[in-house]
Each structure stands twice: as structure tokens, then as C-alpha cells.
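> here you go, sequence then predicted model.
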Amino acid sequence: MNAIAYCLMAITKPGDTIAVESPVYFGTLRFAQSIGLKILELPTDPDTGVDPDDVKKALEQHKIKACFFVTNFSNPTGYCMPDEQKEAMVKLLSAHGVPLIEDDLYGDVYFGSKRPRSCKSYDEEGNVLWCSSISKTLAPGYRVGWVTPGKYFEKVKSLKLYHSITSATAQQAAIASFLATGRYENHLRTLRQTLHANSLQFRRAIDEYFPAEVKLSNPQGGFILWAELNKKINTYQLCQEAIQQKISIAPGTMFTLQDRYQNCMRLSYGMQWNSKVEESLRKLGSIIKNMM
């Protein structure tokens, strides 16, 4: 989030408009609002993300200062933008002189045979500000992330200096040492297998315990599921009832500034799968059925 914040502050000013996927991670929405930015939410395919054609239309109709996309296994929908779509997006935005802030936080947690590419890998002009972290793959408590800001390097570096001077070097040194041993890749292989197995368990349990009409995303990486329920279900109300059972969900309205996604929710399969988790999904399914 620090990396994303510095990038947004480096390339925008209050009153500017940024384009984002929708639904989009609530932390990004709240920060952009806090610095006075206007937010244009773009239609997003649950499998492939934002279409460059939709971005082109938006650029023609609005004065967009920057775009922000989570390109690989987005939070909350779990989509992964195809590589050819990423390349087209980079070329389009470069031609219009609009920078792209790319949040690639989940790219290392893929379930297939190889890591999906980043938009940054197609960037020849320094127009992509690429952000990532080890918070979702190694050690959340260390709070270590990074940014490769291309031609905006000096602006981002200055903001970092003004706001915090430096980072916690002990944590950075510990992570650097771990990465240098090559053990990180071994760790990632185990993590990917565990998360993939978790995702399959979640989907099985949801098929078994939830109403039949539920629509579920099918992410090929990350640890997030996006569920669309019957339109009779308000997931904010569902969240309040689930809390009484010590079950946590994220209602869809958290991921937009518009009047959308009232019957949607985000679930995380990032915890260890066990009988307690399965029982929680069974209870959540029962609550949904009772609400209907």
C-alpha cells in the first residue's frame, strides 16, 4: 500500500481522475479518496479483467490521469489478465501518455505451469509503475514491499524520503538473505500447492452447502473467491449475521463507490483447511438459505 500510495501521489493531484477495475480492493479506493482523487470504475470480466477497448473508450470520454489495475489474480475477483491483453494495455496507455500503476501482489501465487507475465515486462518507455510485496507470499508481519516506477523514479523516491526517510532495514536484510539462498522458490511451490488444494476444497464445500444458484469465480492463482448470490441476499446483512457465528466475509459493497455488488461477497481460502473451516462454510450456507 505504501508503494501504491507513493505512485498515486507522484503522478496525480487532487481533482484528477484515475481509472480502476471494478470491483477493486477497498484499500486503494479509500486511499485515492483520501487524497482527493476522482475514481472511474471500469467494467471487469471475472476471468480476464479490464478490456483495452473499454479503456480506450474511457480515455476518449474522460480526462484520465492514471490507471490502476491488479493484473494477476485480482483482489477481489481473482481474474488474471491474459498476456496479450497486458501487452495491448501497455501500448494503448503509452500512446495516450497515461501511466499505469500495476499491483502485481499475487503474481507469484499461480496454480499453472508458469508465472503469468506482468504489464511491466512489456513496458519499453517506463510508463508502468510496478508494485509488489512479500506480504502475501512469505511474511505478512514484515510489511516489506517495493516499486519499480520507471520514468517516475525520482518523484517516487522523493516522496518516500519526505514521508519516512527510510524503511526498516532489519526486515529487508532478513528477507534479502532468505531470497539469496534460493529457498524462496521452494517455499512458493509448497504455498501454491496448498492454496490450490484449499481453493478446490472451498469450491466443493460451497457446491455442497450453498444454494445451487450461487455463481463462483474460478481463479487460477491467489487466495480469493468472489461469489454472486441470489439478488434477494444483501451480503452486508449476511456479514452481520455471519459475525454472530464468528465467520468473516467481505460484502461486495466494500469494493466499489457505486450502488453495486449488494448480493456479492469475497471469501478467502488462505487459511489452513480443516474441519472448522468446512463447518463455517456449512453454517454460512445455512444462513444464506434462511435469508432466502
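That came through fine. A quick note: this is a predicted structure, and the numbers were derived from the prediction, not measured. Residues are numbered from 1 along each chain as shown.

> mind listing what the residue nearest the centre of the chain touches?
Centroid-nearest residue in the chain, with Cα atoms, centre = their mean: residue 75, separated by 2.9 Å. By Cβ atoms under 8 Å, 6 or more residues apart in numbering, the contact set of residue 75 is 25, 105-106, 222, 224, 266. To be clear about C-beta, it is placed using only N, CA and C from the backbone, and glycine gets the same treatment.

> now the two most distant members of the residues you listed.
Greatest spacing in the contacts of residue 75, by Cβ to Cβ: 105 and 266 (15.0 Å).

> identify the residues contacting the helix or strand harbouring residue 68?
Element membership for residue 68 (DSSP states H and E) is strand 64-69. Defining contact as Cβ under 8 Å, 6+ apart, one finds that strand 64-69 is touched by 4, 8, 11-12, 16-21, 24, 28, 32, 40, 49-50, 55, 58, 81, 89, 93, 98-103, 119.

> quick one: the helices in the stretch 51-200 of the chain, in order.
Using DSSP state H, counting those that start in this stretch, the helices found in the stretch 51-200 of the chain span residues 52-61, 83-96, 153-164, 169-180, 183-209.

> so what's the closest residue to residue 76 other than its chain neighbours bridging to?
Distances taken as Cβ to Cβ, 6 or more residues apart in numbering put residue 266 closest to residue 76, at 4.0 Å, once the chain neighbours are dropped. Taking DSSP bridges as the rule, residue 266 bridges to residue 226, residue 250.

> wait, residue 266 touches residue 256, no?
No: using Cβ atoms under 8 Å, residue 266 and residue 256 do not qualify as a contacting pair, with a distance of 11.9 Å.

> of these two, who's got more company?
The neighbour comparison of residue 266 against residue 256 (other Cβ atoms under 10 Å) goes to residue 266, with 24 against 19.
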